[in-house]
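Undergrad: Okay, sequence plus prediction incoming.
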Amino acid sequence: MRAKVSPTIRRIQYLGVALFLTSYALPAVWFNGTWDAYPATLRGYQCAEESARMLYQAIKMLKPHEGYYEPWTVGFIFGVCGFIQLLVVWYLFSSPKWRRRVAILICVLILETFIGLALSPASPLYGYFVWMGGMLLMLAPEVSAWQDGSES
């Protein structure tokens, strides 16, 4: 049986879904200096595509692109961060038994994106923060459940 969530928390979660989806059309990453592999900025959907490509190349132990400080490490970090999109969908449609576990994994991968951005010549733009804020608002039912000790 699904736990009851207040209407306010549910509206916050819907706002998070709207922000998360909107962020894919916004500029998300800006590359410092000249880097011929990419345009100056990438939109959210381009970052999602590129993270899947980087994971594939990192797993095959290929050098993803010139310009990385450590190609395999950064490519693998950004590639694993690409799973966030899949985890968000899983979180929204999963059973209450799995929601908290998936929410924790999403939070860990959000921290991993900071590590990847610190190791790469990329800087986040407002689309990245809208994306991250939308995810955190979607996790609002879990946060409210942690506060009162109930299951969501």
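TA: Noted; the coordinates are in hand.
Undergrad: and stretch 111-120, how far from the chain's centre?
TA: Its chain's average C-alpha position is 11 Å from that of stretch 111-120, according to Cα atoms, centre = their mean, to the nearest Å.
Undergrad: With stretch 128-140 instead?
TA: Centroid separation between stretch 128-140 and its chain, computed with Cα atoms, centre = their mean, is 9 Å.
Undergrad: ok, residue 48 touching residue 85?
TA: Yes - assessed by Cβ atoms under 8 Å, residue 48 is found in contact with residue 85 at 5.8 Å. (Each C-beta comes from the backbone N, C-alpha and C, glycine too.)
Undergrad: For the protein, which segments count as helices?
TA: Taking DSSP state H as the test, the helices found in the chain are 7-22, 44-59, 71-81, 83-93, 96-119, 126-138, 140-148.
Undergrad: I'd like the mean pLDDT over the longest one, please.
TA: Per-residue pLDDT values across helix 96-119 average out to 86.
Undergrad: Distance-wise, check the closest residue to residue 47 other than its chain neighbours relative to residue 114.
TA: Counting by Cβ to Cβ, 6 or more residues apart in numbering, residue 47 lies nearest to residue 28, which is 5.0 Å off, once chain neighbours are set aside. Residue 28 sits 14 Å away from residue 114, going by Cβ to Cβ, to the nearest Å.
Undergrad: Also residue 53?
TA: Distance from residue 53 to residue 114, counting by Cβ to Cβ: 21 Å.
Undergrad: related to what we said a few turns ago, next up, the contacts around the residue nearest to residue 47.
TA: Contacts for residue 28 (Cβ atoms under 8 Å, 6 or more residues apart in numbering) come out as 41-44, 46-47, 124-125, 127-128, 131.
Undergrad: before we move on, the earlier item: so residue 53 and residue 114 - more neighbours on which side?
TA: More crowded of residue 53 and residue 114, by other Cβ atoms under 10 Å: residue 53, with 16 against 12.
Undergrad: Quick check: which ranges of this protein have low pLDDT?
TA: Residues of the chain meeting the criterion pLDDT under 70: 1-5, 33-39, 58-72, 143-152.
Undergrad: try 50 this time
TA: For the chain, residues meeting the criterion pLDDT under 50 lie at 1, 64, 68-69, 152.
Undergrad: longest strand of it?
TA: strand 27-31 (DSSP state E).
Undergrad: Give me the angle between that one and helix 96-119.
TA: Here strand 27-31 points in a direction 30 degrees away from that of helix 96-119 (axes from the mean of the first three to the mean of the last three Cα atoms, to 10 degrees).
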